[in-house]
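Participant: here is my input; please provide its structure:
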Amino acid sequence: MDLLAFEKTLRINMLLDFYGGLLTEKQYSYSQHYFKDDLSLQEIASIYGLSRNGVYDMIQKAVKQLELYEDK
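Facilitator: All right, here's what the predicted structure looks like:
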């Protein structure tokens with residue numbers, strides 16, 4: 001993992017700590033698995049019986065939402 005990716009992951013983890021309770025249950029769970037538990041998109045998809053793209057989309061929406069909360 002390069003430094004930029006590490007910094008982004010660290011930032012998202014901090015945002016999850018502060019604003020995670022404001023996300024939907026699915027957004028929070030998928031983001032937790034991806035950013036904190038370091039699971040791959042495919043691993044998360046297998047757990048929930050979804051497509052890899054479905055998980056990716058949900059995580060991207062969660063990150064956007066977290067950034068909006070932080071901006072406010």
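
Participant: tell me the confidence at residue 3?
Facilitator: pLDDT for residue 3: 85.

Participant: skip the chain neighbours and tell me the closest residue to residue 35.
Facilitator: Nearest residue to residue 35 in three dimensions, chain neighbours excluded: residue 12, at 5.0 Å (C-beta to C-beta, 6 or more residues apart in numbering). (C-beta placed from N, C-alpha, C; glycine too.)

Participant: residue 23 too?
Facilitator: In space, residue 23 is closest to residue 62, 5.5 Å off (C-beta to C-beta, 6+ apart).

Participant: contacting residues around the nearest residue to residue 26 once chain neighbours are set aside?
Facilitator: Excluding the flanking residues, the one nearest residue 26 by C-beta to C-beta, 6+ apart is residue 58, at 6.0 Å. Neighbouring residues of residue 58 by C-beta atoms under 8 Å, 6 or more residues apart in numbering: 26-27, 30.

Participant: switch to 10 Å and redo it
Facilitator: 23-24, 26-27, 29-31, 34, 44, 48, 50 (C-beta atoms under 10 Å, 6 or more residues apart in numbering).

Participant: which pair of these spans the longest distance?
Facilitator: 23 and 50 (16.9 Å; C-beta to C-beta).

Participant: ok, back up a step: check the gap between the residue nearest to residue 26 and residue 3 for me.
Facilitator: Distance of residue 58 to residue 3, computed by C-beta to C-beta, to the nearest Å: 26 Å.

Participant: how about residue 14?
Facilitator: The gap separating residue 14 from residue 3 is 17 Å, by C-beta to C-beta.

Participant: show me where the chain has its helices.
Facilitator: Secondary structure of the chain (DSSP state H): helices located at 3-19, 25-31, 41-48, 52-71.
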